[in-house]
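>>> What would the 3D arrangement of this be:
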Amino acid sequence: QVHLVESGGGSVHTGDSLTLSCAVSGLTFDVNDMAWFRQAPGKEREFVSVIVVPRWATHYADSVKGRFIIYRDNAKNTVYLRMVNLLPEDTAVYFCAAGVVTESNYYTEIPYQYWGQGTQVTVSA
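Below is the predicted model of the structure:
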């Protein structure tokens, strides 16, 4: 059975930093592309970032470019999202997801077969 378990969320202030982790079990981690999405209250879930195997190419939503970094540790079956200079508009539940993406669909939910339960990030002014 596949499990994706996020951790590292919390309540912080504008300008603070957080690092989210997503521990994966039950699938061959190093052949899966890994992504982060987020869902703010009253809004649809949106793409944040993806890291694509085998070259670990990364893509980011425009709203987080320059502030968020995605990386992975295949030895630990874990993907991370380092978030700096957090803003109130980053407040959301953050989800990690696993799948096999293409250049035309990585920012949609379509290619992601497995999802975590999410971790809450709250940024106050």
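
>>> The closest residue to Val64 other than its chain neighbours and Arg38: what is the separation?
Take Val64 and drop its neighbours on the chain: the residue closest to it by CB to CB, 6 or more residues apart in numbering is Val48, 5.9 Å away. For glycine as for every other residue, the C-beta is placed from the backbone atoms N, C-alpha and C. Applying CB to CB, to the nearest Å, the value for Val48 to Arg38 is 5 Å.

>>> Could you do Gly26 as well?
24 Å.

>>> So between those two, which is more surrounded?
Arg38 (24 against 12; other CB atoms under 10 Å).

>>> Please name the nearest non-neighbouring residue to the more buried one.
Nearest to Arg38 is Ala92, by CB to CB, 6+ apart, at 3.8 Å.

>>> show me what contacts the one you found?
Neighbouring residues of Ala92 by CB atoms under 8 Å, 6 or more residues apart in numbering: 38-41, 43, 120-121.

>>> Return the distance of it relative to Lys43.
Distance, Ala92 to Lys43, using CB to CB: 8 Å.
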